[in-house]
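K.L.:
here is a sequence together with a model predicted from it:
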Amino acid sequence: MALILIRGENNSKLLNAIADMERHGNLNLATKPKIIDAKFADSLVEKILNSKLRTSSKVATAFFVKEDITLSIMQIKKIHPPAHVVVVSDEYDVFNQLKNKLNNAPDFKGYYSHKAKNGGKIDYKLKGKVKHIENKKINSYSNK
């Protein structure tokens, strides 16, 4: 699992970045995005990059994805999200700081996954019997 930190100007850009990573980057969120203090996120990124940031962020969020660190980096490189996305490796000292912050952080409002949680199956009840019918269109964002 990889830890993703996203910083940006406003909530809508963060939500779009998360959606882009799911849809176009084929990344699967393992946890709900959590609100992170923007100044704390900026300081973490400065420590990771070993340089000052040109602009400071106004909002930030962090979450885990199911994919490993290398795959997450490669998938995010393919897309151009509207916010600054950082994959925080466990090699960095700040990894544990951020991980601990996530335990007590509130959920990031407005996020919902576009991926089907039931694997593309629809539950129908006919005369008291449950039938599962697979629908490929519902699960259109599955890994290809």
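P.N.:
Received, thanks.
K.L.:
for the protein, which segments count as helices?
P.N.:
Using DSSP state H, the helices of the chain run over residues 11-23, 38-49, 69-78, 94-104.
K.L.:
okay if I get the ones you listed as CSV plus distance to F63, mean pLDDT and mean neighbour count?
P.N.:
For glycine as for every other residue, the C-beta is placed from the backbone atoms N, C-alpha and C. Written out in CSV, the entries for the helices of the chain read as follows (distance: least, CB to CB, whole Å; pLDDT from 0 to 100; neighbours: other CB atoms under 10 Å):
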stretch, distance to F63, mean pLDDT, mean neighbour count
helix 11-23, 8, 94, 19
helix 38-49, 13, 96, 16
helix 69-78, 11, 94, 15
helix 94-104, 8, 94, 14
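K.L.:
possible to save these as TSV with distance to A30?
P.N.:
Written out in TSV, the entries for the helices of the chain read as follows (distance: least, CB to CB, whole Å):
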stretch	distance to A30
helix 11-23	12
helix 38-49	19
helix 69-78	11
helix 94-104	11
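K.L.:
so which of the ones you listed is nearest T55?
P.N.:
Nearest of the helices of the chain to T55, taken as CB to CB: helix 38-49 at 9.2 Å.
K.L.:
which strands and helices sit next to the closest one?
P.N.:
Where contact means 3 or more CB pairs under 8 Å, 6 or more residues apart in numbering; DSSP states H and E, helix 38-49 is packed against strand 2-8, strand 59-65, strand 84-88, helix 94-104.
K.L.:
let me know which of the ones you listed is the nearest to K77.
P.N.:
Smallest distance to K77 across the helices and strands packed on helix 38-49 (CB to CB): 9.8 Å, for strand 84-88.
K.L.:
domain parsing of the chain, as residue ranges.
P.N.:
2-113, 117-144 (automatic domain parsing).
K.L.:
enumerate every residue touching the nearest residue to E9 once chain neighbours are set aside.
P.N.:
With CB to CB, 6 or more residues apart in numbering as the measure, K58 is the residue that lies nearest to E9, at 5.5 Å, once sequence neighbours are left out. If a contact means CB atoms under 8 Å, 6 or more residues apart in numbering, then K58 has G8, E9, N10, A38 as its contacts.
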